[in-house]
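J.: Provided below for reference: sequence and predicted model.
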2 protein chains.
Amino acid sequence: MHLANDDPRVNGTGQTDYGKHVVDGLKKAEHIEDTAVKKLSEEHDIVLKTFRLLIADLCQQFKGGHPGGAIGMAAIGVALWKYVMRYAPHTPTYFNRDRFILSNGHTCLFQYTFLHLTGYKAMTFDQLKSYHSDRVDALCPGHPEIEHEGIEVTTGPLGQGIANAVGLAMATKNLQATYNKPGFDVVSNHTWCMIGDACLQEGVALEAISFAGHLKLNNLTVIYDNNQVTCDGSVDLTNTEDVNAKMTACGWDVIDIEDGCFDIEGLVEALHKARAATDKPTFINVRTIIGIGSAVAGDAVAHGAAFGDADVANMKKLYGFNPEEHFVVGEEVRKFFDDIPERGEEFVRSWEKKVQEYETEFPELGAEFRRRIAGRLPEGWKDLIPSKQSFPEKPTATRASSGLVFNPIAQACNSFMVGTADLSPSVNMIWKGKVDFQHPDLKTTCGITGNYSGRYIHYGVREHAMAAISNGLAAFAPNTFVPITSSFFMFYLYAAPAVRMGALQHLQVIHAATHDSIGMGEDGPTHQPIELANLYRSMPNMLYIRPGDSEEAAGAWITAIEAKHTPTIISTSRQALPQLPSTRRDGVAKGAYVLEEVEDADVTLIGVGAELSFAVEVAKELKTKNVKARVVSFPCWRLFEDQPLEYRRDTLRKHQTPAVVIEPYAPNGWERYANAAICVKRFGHSLPGKAAYKFFGFETGPMTAKVGDYLEKIKADELLRHEFMEL
Amino acid sequence: MHLANDDPRVNGTGQTDYGKHVVDGLKKAEHIEDTAVKKLSEEHDIVLKTFRLLIADLCQQFKGGHPGGAIGMAAIGVALWKYVMRYAPHTPTYFNRDRFILSNGHTCLFQYTFLHLTGYKAMTFDQLKSYHSDRVDALCPGHPEIEHEGIEVTTGPLGQGIANAVGLAMATKNLQATYNKPGFDVVSNHTWCMIGDACLQEGVALEAISFAGHLKLNNLTVIYDNNQVTCDGSVDLTNTEDVNAKMTACGWDVIDIEDGCFDIEGLVEALHKARAATDKPTFINVRTIIGIGSAVAGDAVAHGAAFGDADVANMKKLYGFNPEEHFVVGEEVRKFFDDIPERGEEFVRSWEKKVQEYETEFPELGAEFRRRIAGRLPEGWKDLIPSKQSFPEKPTATRASSGLVFNPIAQACNSFMVGTADLSPSVNMIWKGKVDFQHPDLKTTCGITGNYSGRYIHYGVREHAMAAISNGLAAFAPNTFVPITSSFFMFYLYAAPAVRMGALQHLQVIHAATHDSIGMGEDGPTHQPIELANLYRSMPNMLYIRPGDSEEAAGAWITAIEAKHTPTIISTSRQALPQLPSTRRDGVAKGAYVLEEVEDADVTLIGVGAELSFAVEVAKELKTKNVKARVVSFPCWRLFEDQPLEYRRDTLRKHQTPAVVIEPYAPNGWERYANAAICVKRFGHSLPGKAAYKFFGFETGPMTAKVGDYLEKIKADELLRHEFMEL
């Protein structure tokens, strides 16, 4: 889930027993050139050589980076960027462009260099040469980043990209089924995904592969850079499976390319075939040689380290280039890619014309399509949310509240693609009349069917892929889709790497996480989150919100839907919670707010989410003991941190009044807002919800006693007030 | 990664369009009984009926739980516990017992009931009936827990169990290759793992399956309860792959059982065949019907909810039982399992005799084997660690320090099984003469081979499976193995669900996590941890330690190796760090300690791990500005929390002196120990390590200025001192 940027020859460990299987790499490279060059036109020959030497130079420049993969994949790149992919370098966000995902993101120079050669304006030669430099505005980071022209998603953590690609292909399918009309295929793009040996080992990729096969995504092609090398050596150290048979079993078409370093024609043919696939995604298994041309060709050390000056010079000699010259891109190579920007603009013009005709023919759909492209929701979506008064009066689980709030919106707004990791009966995300996103021919045993215009996704028990695929849906175009995922909160630990990638990429994905505390009960400590909130509360660009009742659930969803560049986790209860009279949806938007104010308070009780009502109960009980407690509802740290200092001080009054937070989680981080916590620092316990609360002391009586004791203690020892206490 | 304990009929959502494909489940059940009963002996018939009704009653009692799977798997259980597995109910920890793992842990009643019937003493009838009760000392939690007799690992989060099983099978292989001699197979146990449809969708399971096939673990059998139902409905809603072909492609033998609800003979034959497998793990694909006999047989609602009184009564009628009677286990059923405890004791006696003879024949090996069984390391392991003086004087990356400290221990002590997720060149965990754990026939392209006595494991790019398999290794017997995993720290987010399961189970697994801050450099924000430490610092029973130099690395490893019931993450730097004169390994054991004391200090600087030396530098610089700074090294929160209050107060002196922590992570949680933080709250940036530090202001000059400004500010406004500030 990485690939290392460390050269054993450099890092001083002397651990060099890996990957030396090509002792005479140079000879091998020569031999391959001899046999392969026959297939190559002169033009292709010079392009490949130029590209490979450029990569070698770019890594040699700062003596680091990942040259081998990019060099091995050169012919694949030529086939894609020159002959197959439909894109527009001068209009990088052209809506109907093919999407290209580099799942083996460490080979980023592969993509950067083709972006440069094909005329992406931001990727100047200077920028290209910024790879591994200390230039802070470089467009060539160590892994591709979505912020930069021509990059569809940020990759690097292995396996994510291929799952993103599945999401991108699903986005296309959904738009096609929703908007395309005979003669008006306003969406027709294909998704291409490069992967390496490592991606095929990662669980998230295996989940996504299985799911893509199920969905029969014929608009998705995965190109496998099969160089049989990873950091530790040859792949057969750890993986000896029959990958083609595995992909076939997963419902993919498989095409083999034997000479992937040079057979551009064969690659082009395979890619065209893949684009024309009728009922399955395509897996192109391309044999390549990592670092071909270098002395370490085929060797693990070609992967994550520059080749060294001597080797690069030798490569140049071998290729008939001047070893003294660096970064050479000849005129013929420039010319080879010359036609691409204009070809791209022609794609753009012809698509724009088609959409205009479509708007004339189908004015309503056309307008909606434009709105979706612009990433806007229909006006008035917020009016669909019940008012505080119209929520049920009876105690209601916040997972049910989530449904009450969101399902009418999902029903009305087709930007929302709502999925669950096999917890439909539990997460309450099904709206009236929902249609499943499925291949239209699917006949399930249980009788449920769907089609590609459906927006409810059964991800299966694949939490990690669910989140990563949702990132892909969100990345298709800004806010054209707003993906929703759902599962038990605890299983967002499985999904965490992908949730993080969403936050890093500023993708709006909303995660409906239920069963969010020990109150979830019998399933026990494996299912009861204790420490997980701390991950998400600390994660940059992430909103983690725990609403306390239906009204606060409304606030959480409004906040999440309005956060166009930030993912949100809405963390809800399994069990019914009382509807509290003073909760306010606009309070949630501020992160924390005063729920019950008291003058000259002895203590502030901070209540959170499923346990907010506990704070209210304890305050009531304290009153009978002549202790004045104010109550603050605190659903979200980050939203609160964004408030002005004055608001924060007024809300917490921490300097005047000691604060006790009530939350059955590990308390770390609450020290900023509270002086003490009624909390849990061990793992949970399998008991019915109420019994679990009792077991951990979360009953009104014991909690009230704890707060009372605490107030006595800090009266006796002032120091303690400034020393966070776990009660 | 769950399976829901929620019944849509109960939770009030009314979302009942799922899983109703068996409208007339009762009829279907009857039909199956009709055809199947011919194969059944009278004895088996009554056992299966009794078992199934018992499960139905146990769930009906408190109207909850997971009856369907357990009921469907009854025949599998009879085959395993009565005819195939070698175990000893009266000596549950018998070392050479077969290991049974219930990866679909929500069907725990399946296991609990067989534990009861086969005579495990702790599992009394009363205890069995505690399932879903509010009895706090119940041995029947909602998922199996390792603490209880007869349970090998805690399961529940789906996919974990099968990966644990791979680890358990590897443990057997390693012990066999290390200790068995002709005529003395002192270790010969088999590992059996039940899985459901959901496990086969989880990435961690798919990683583990691929790896087990590679290793040719012929001592591992996975039994697939193929009932084609998960929470959302029939499995074909989300998964339509050819699972047998996939398993074959992954290097497994596949056996099909068509009538898994009743064909005990066929199952026994298949299981015996699996135990006798010569060169592959075995996958037994057993078709079953979830909740067979109930009106909801074959339906998703049979999965996670009690059947209701009427349905249970109907089942009893169908089976010829009295519908008024509950929890009926007839004498003939008791008798059926009667022989098992004594059979088990015979296994124990005969094994014990064999080991005694082995000790006579091979006294040294025998003594070592006994030591391993007792979970002890050889005496003197600590003496293998270099003294502070003998570490290199030059700046040394703590990942290299890890190797200096631990590799001699790994070399000398064969309890350690050391693995890496394809980062051998980066993590420095290879000791002199290490042998890989591999099938002895493996010939790799890169020339590296191994055998099952090897203790270095190439897990491939499978971080999650690596951690879950390591839990299995650790669970084989207490501390017989001490598994080590290694990867970049950031990728312990991929591994997190399994790391958590290790902590929950009190398994000693040590995770060597390198590249642990923005200082890791060019790989960029996808690889730079910001928030991850907060997850592990908050996780119960987890030690997260960031050593600051070689000496502290020694302290971290000593602490980790001595923590027999707690996993540890040793979090180290990619880049070279200065060796600091005042660091102390025994200081690490206390979590935090004073590195540089100053009288009448103006400020305490808290330094951590890779950035500890920054605190030292800033203190030095502050001195030139007449600001007196003391320095505290703070490698581990949890160890510090375990110290007496006095030690904690003396170390921090928080009441006298304001404290500033320096760590390029999200600061949440440091509020307990510091008043301010020089920290990072956004994602990282792809730059060379030093440039990344500079970009985020982690240079001596700017940091010194920040501390100075802060001290001025709190002089001006005393309130600020008690308000955590991010500088």
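T.: Happy to help now that I have it. Numbering: from 1, shown residues only, chains lettered A, B, ... in the order given.
J.: From now on I want contacts and neighbour counts done on CA atoms only, so please keep to that.
T.: OK.
J.: Tell me how far residue A:41 lies from residue A:638.
T.: Residue A:41 sits 58 Å away from residue A:638, going by CA to CA, to the nearest Å.
J.: Same question for residue A:613.
T.: Distance, residue A:613 to residue A:638, using CA to CA: 22 Å.
J.: before we move on, back to that, residue A:41 and residue A:638: which has the busier surroundings?
T.: residue A:638 (20 against 11; other CA atoms under 10 Å in any protein chain shown).
J.: list the contacts for that one?
T.: Contacts for residue A:638 (CA atoms under 8 Å, 6 or more residues apart in numbering or on different chains) come out as A:537, A:542-544, A:591.
J.: Double-check that it belongs to a helix.
T.: Yes - counting by DSSP: H, G, I helix; E, B strand; the rest coil, residue A:638 is part of a helix.
J.: confidence score at it?
T.: Looking at residue A:638, its pLDDT is 98.
J.: and of the contacts of residue A:638, the nearest to chain B?
T.: Among the contacts of residue A:638, residue A:537 lies closest to chain B (CA to the nearest CA), at 8.3 Å.
J.: contacting residues for the closest residue to the closest one other than its chain neighbours?
T.: Excluding its sequence neighbours, the residue lying closest to residue A:537 (CA to CA, 6 or more residues apart in numbering or on different chains) is residue A:544, at 5.9 Å. Neighbour list for residue A:544: A:533, A:536-537, A:568-571, A:636-638 [criterion: CA under 8 Å, 6+ apart].
J.: and residue A:544, what element?
T.: Here residue A:544, judged by DSSP states H and E, is contained in strand A:543-545.
J.: Now, the contacts of residue A:544 that are in strands?
T.: Counting by DSSP state E, these place A:568-571 in strands.
J.: Save the residues you listed as a markdown table, and put in pLDDT, distance to chain B and neighbour count too.
T.: Below are the ones in strands among the contacts of residue A:544 laid out as a markdown table (pLDDT from 0 to 100; distance: CA to the nearest CA, whole Å; neighbours: other CA atoms under 10 Å in any protein chain shown):
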| residue | pLDDT | distance to chain B | neighbour count |
| --- | --- | --- | --- |
| A:568 | 98 | 16 | 29 |
| A:569 | 98 | 16 | 28 |
| A:570 | 98 | 18 | 28 |
| A:571 | 98 | 16 | 28 |
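J.: Among the residues you listed, which one sits closest to residue B:688?
T.: The shortest approach to residue B:688 among the ones in strands among the contacts of residue A:544 belongs to residue A:568, at 31.4 Å (CA to CA).
J.: ok, now how distant is the closest one from residue A:537?
T.: Per CA to CA, residue A:568 is found 11 Å from residue A:537.
J.: Need the residues touching each of the two.
T.: A:543-544.
J.: what's the burial count for the residue nearest to residue A:386 when sequence neighbours are not counted?
T.: In space, and not counting its chain neighbours, residue A:386 is closest to residue A:405: 6.6 Å by CA to CA, 6+ apart. Residue A:405 has 25 neighbours, counted by other CA under 10 Å.
J.: Show me where chain A dips below the pLDDT cut-off.
T.: Scanning chain A with the threshold set as pLDDT under 70 gives A:1-39.
J.: repeat that with 50
T.: Scanning chain A for pLDDT under 50 picks out the ranges A:1-38.
J.: the longest helix in it is where?
T.: helix A:340-361 (DSSP state H).
J.: Compute the distance between the closest residue to residue A:102 other than its chain neighbours and chain B, please.
T.: Closest residue in space to residue A:102, ignoring its immediate chain neighbours: residue A:194 at 5.0 Å, by CA to CA, 6+ apart. To chain B, residue A:194 is 17 Å away according to CA to the nearest CA, to the nearest Å.
J.: Which strand residues bridge residue A:194?
T.: residue A:102, residue A:223 (DSSP bridges).
J.: That one: neighbouring residues, count only.
T.: Neighbour count for residue A:194, taken as other CA under 10 Å: 24.
J.: got the contact list for whatever residue of the stretch 551-700 of chain A ends up closest to chain B?
T.: Residue of the stretch 551-700 of chain A nearest chain B, by CA to the nearest CA: residue A:669 (3.9 Å). Residues in contact with residue A:669 (CA under 8 Å, 6+ apart) are A:534, B:668-672.
J.: where does it fall, phi/psi-wise?
T.: Dihedral pair for residue A:669: phi 110, psi -30, per degrees, to the nearest 10.
J.: May I ask which of the contacts of residue A:638 has the most neighbours?
T.: Neighbour-wise, these (other CA under 10 Å) top out at residue A:544, 28 neighbours.
J.: Tell me where the stretch 1-150 of chain A has strands.
T.: Under the criterion DSSP state E, counting those that start in this stretch, the stretch 1-150 of chain A contains strands at A:99-102.
J.: Over to the stretch 551-700 of chain A?
T.: A:568-571, A:576-577, A:593-596, A:603-607, A:629-633, A:659-662, A:676-678.
J.: does stretch A:144-157 come close to chain B?
T.: Yes - for stretch A:144-157, a contact with chain B is found by CA under 8 Å from any CA of the partner chain, at A:155-157.
J.: List the buried residues for that stretch?
T.: Of all the residues in stretch A:144-157, those buried under the rule 16 or more other CA atoms under 10 Å in any protein chain shown are A:144-146, A:148-157.
J.: okay, these in JSON lines with distance to residue A:464 next?
T.: Converted to JSON lines, the buried residues of stretch A:144-157 look like this (distance: CA to CA, whole Å):
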{"residue": "A:144", "distance to residue A:464": "21"}
{"residue": "A:145", "distance to residue A:464": "20"}
{"residue": "A:146", "distance to residue A:464": "20"}
{"residue": "A:148", "distance to residue A:464": "25"}
{"residue": "A:149", "distance to residue A:464": "27"}
{"residue": "A:150", "distance to residue A:464": "26"}
{"residue": "A:151", "distance to residue A:464": "22"}
{"residue": "A:152", "distance to residue A:464": "20"}
{"residue": "A:153", "distance to residue A:464": "17"}
{"residue": "A:154", "distance to residue A:464": "16"}
{"residue": "A:155", "distance to residue A:464": "15"}
{"residue": "A:156", "distance to residue A:464": "16"}
{"residue": "A:157", "distance to residue A:464": "13"}
